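Coordinates for the following, if possible.
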Amino acid sequence: MIIARARHPERLLAAVALLAGLAAWIIYLNEGLVLAHYDAKAHLVVARRVIDSLTPGWRQIGAVWLPLPHLIQILPTQIDVFYRSGAFGSLLSIACLAVAVWAMSRLVLSMTGSRLGAVASAALIVVNPNLLYVHVTPMTEPLLLAATLVSVLLLREWLITSSGDRVPSSLGWVLFLTTWTRYEAWPILAGAIGVAAFALWRQGRPLALVVRQTWRLAQWPAAAVVLFLVLSRLTVGAWFVSGGFYERDPTYDAQAVKSLLAIWWGTHRLSGYVIEIVGLTAAAWVVWRAVRNPDESPNLVTVALFAAAALPAYAFYEAHPFRIRYMVPVVTACALFCGVAVGALSGRSDQPPLFELRRSAAALAKADRTGPMKSPATAWLLAMLLIAATLIESPPWSRSSPLLVEAQLDAANSAARQQVTACLAPAYHGEKVLASMGSLAHYMQELSHHGFAIVDFIHEGNGALWELALETGPAPHAGWMLVEEQSEGGDVLAQRIRRHDTFTRGMTKVCEGGGVSLYRRD
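As a prediction, the model looks like this:
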């Protein structure tokens, strides 16, 4: 077996993941699914508007989404082919798939020394249609997964090899940038740094040293959070935007148990019961071993990946609509620990772990006595069972996978909006179009295929100009107005029309479709 002979199996697995991602991208691109999700289009718009805008500049980065994914794409999205196709964002996500598999495989190898375990964890990512699909889109989840896995990997290595209170700048910058990917990274890093402090204490380090080391770790993500809060305050006038961008769903409103069950349900829908149960069981085993044995306490940081569930649980409790893609980080964590489970059963390979814990012979002997019974045959059986369960419960050839279905929720409306485009595009002669980017960013990206740029729109990012249009009505400022009248109860323009009969004075509705109405100046 090639991987068994490879000197760096994690690199080979990353290369396989890269090829699988490229193949999946070609397939989904041909089927028109790469930009099916409205958020995939909206992320392209946010990156594009930093330069392509009536009011260009850093304020266009916004404050609802964290900035790193958009900062990376600012320049590529100014190239029309990348903006219209999302190609650069897709290639970035595919690269993140390779990095995530590399980091995950390296973690399994360093924790168990098992190449079979590393292969199993990588396979559970690559053959899962939900995880593979999200990694060919310009969404932000791939960057989150790659960054958090690398953060946990580097943090664990630092816990094993560090002796003083210095934190390498490379680790610090990874923690900083990870904080700017998605909000799920915040509880993950908070949990990882918290258990890192416990691991340092369990290793017998003086309390004063533990406090200094923990602070040197925490100051990097803390600085990232503070800078983001300042950015939010300067751009939208609020330190943190926690609502107002979704319609409240009473399904889980203020129901803690039901919100937690939604996480459990969504996770097995994306991966299957077997993956979820084995992953959680292996995580519990890692915690038990790490608490009992100080030498294994650095392994606790890997369990912090499950802290990603805290964000969707809180969101559902606050009446945020259910989104199954919020469970993608939890599914990835389950895949990692399934690999750990396989590795724990298979026993160490002929190669030592990448970062062997520095233990005495007596400590190693004690660990062997307290560890699981090694059974390569059982490990192979478990690996095949996990992969078979994934293929059965989440078949890669299925187009009814939950994440694919969720991504196409706007497909019918997108087709119906072509009626609006057919009215607007032929009659457009350079007049400004008033539209809420909070509701119609995805449609703005669709209109780019008909020659529209972000500079053609007046939207929330234009600040005073947008506020003036809301106060006086669109007619003095724009030749056209697009209004989302259905989704999330209607956008801010639809609500303004309902409250003020005179808002559309000087404008006439000329077309509608897919929940969007088009107004033209008389």
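
tell me the contacts of Gln486?
Applying C-beta atoms under 8 Å, 6 or more residues apart in numbering to Gln486 gives the contacts Gly515. In this view, the C-beta of every residue, glycine as well, is placed from N, C-alpha and C.

Can you report phi and psi for it?
Backbone torsions of Gln486, given as degrees, to the nearest 10, read phi -120, psi -50.

Distance of it relative to Asp410?
11 Å (C-beta to C-beta, to the nearest Å).

now Leu468
Relative to Asp410, Leu468 is positioned 30 Å away (C-beta to C-beta).

So the two - more neighbours on which side?
Asp410 (20 against 14; other C-beta atoms under 10 Å).

Who are the packing partners of the lengthiest helix in the chain?
Scanning the chain for the helix with the most residues, using DSSP state H, yields helix 207-236. Judged by 3 or more C-beta pairs under 8 Å, 6 or more residues apart in numbering; DSSP states H and E, the packing partners of helix 207-236 are helix 169-179, helix 185-202.

Let's have those helices in CSV, adding mean neighbour count.
What follows is the helices and strands packed on helix 207-236, written out as CSV (neighbours: other C-beta atoms under 10 Å):
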stretch, mean neighbour count
helix 169-179, 19
helix 185-202, 22
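
Tell me which of those sits nearest to Tyr28.
When those are compared for distance to Tyr28 using C-beta to C-beta, the nearest one is helix 185-202, at 25.9 Å.

low-scoring pLDDT stretches of the stretch 401-522 of the chain, where are they?
For the stretch 401-522 of the chain, the stretches with pLDDT under 70 are 488-489.

With the stretch 51-200 of the chain instead?
Residues of the stretch 51-200 of the chain meeting the criterion pLDDT under 70: 63, 164.

all helices for it, in order.
For the stretch 51-200 of the chain, the helices identified by DSSP state H, counting those that start in this stretch occupy 68-73, 80-85, 87-112, 115-126, 129-134, 141-161, 169-179, 185-202, in order along the chain.

quick one, which of the ones you listed is packed in tightest?
Highest mean neighbour count among those (mean count of other C-beta atoms under 10 Å): helix 115-126, with a mean of 27.

centre of the chain versus that helix, how much separation?
21 Å (C-alpha atoms, centre = their mean, to the nearest Å).

next one: stretch 222-234
With C-alpha atoms, centre = their mean, you get 20 Å for stretch 222-234.

try stretch 7-25
Put simply, stretch 7-25 sits 20 Å off its chain's centre (C-alpha atoms, centre = their mean).

what's it in contact with?
Contacts for stretch 7-25 (C-beta under 8 Å, 6+ apart): 2-3, 6, 34, 90-91, 93-95, 97-102, 105-106, 109, 115, 118-119, 122, 125-126, 132-133, 135-136.

Taking the centroid of the protein, which residue is nearest it?
Centre of the chain computed as the mean C-alpha position; nearest residue by C-alpha atoms, centre = their mean is Glu141, 1.8 Å away.

So that residue versus Ala379, what's the distance?
Noted for Glu141: a distance of 30 Å to Ala379, by C-beta to C-beta.

For the longest helix of the chain, buried residues please.
Residues of helix 207-236 classed as buried by neighbour count (16 or more other C-beta atoms under 10 Å): 210, 212-214, 217-218, 220-222, 224-225, 228, 231-232, 235-236.

From these, which one has the minimum pLDDT?
In terms of pLDDT, the lowest of these is Val236, showing 78.

The nearest residue to Ser439 once chain neighbours are set aside: what's it in contact with?
With sequence-adjacent residues excluded and distances taken as C-beta to C-beta, 6 or more residues apart in numbering, Ser439 is closest to Asp491, at 3.6 Å. Residues in contact with Asp491 (C-beta under 8 Å, 6+ apart) are Ser436, Gly438, Ser439, Leu440, Val483, Glu484, Glu485.

Buried residues of stretch 260-279, list them for me.
Residues of stretch 260-279 classed as buried by neighbour count (16+ other C-beta under 10 Å): 260, 262-263, 266-272, 274-276, 278-279.

Quick one: closest of the helices of the stretch 51-200 of the chain to Trp397.
Nearest of those (C-beta to C-beta): helix 129-134, 7.9 Å.

Run through who's touching the closest one.
With C-beta under 8 Å, 6+ apart, helix 129-134 has contacts from 20-21, 24, 28, 33, 93, 97, 125-126, 141-142, 270-271, 325, 328, 331-332, 335, 394-398, 401-404, 407.
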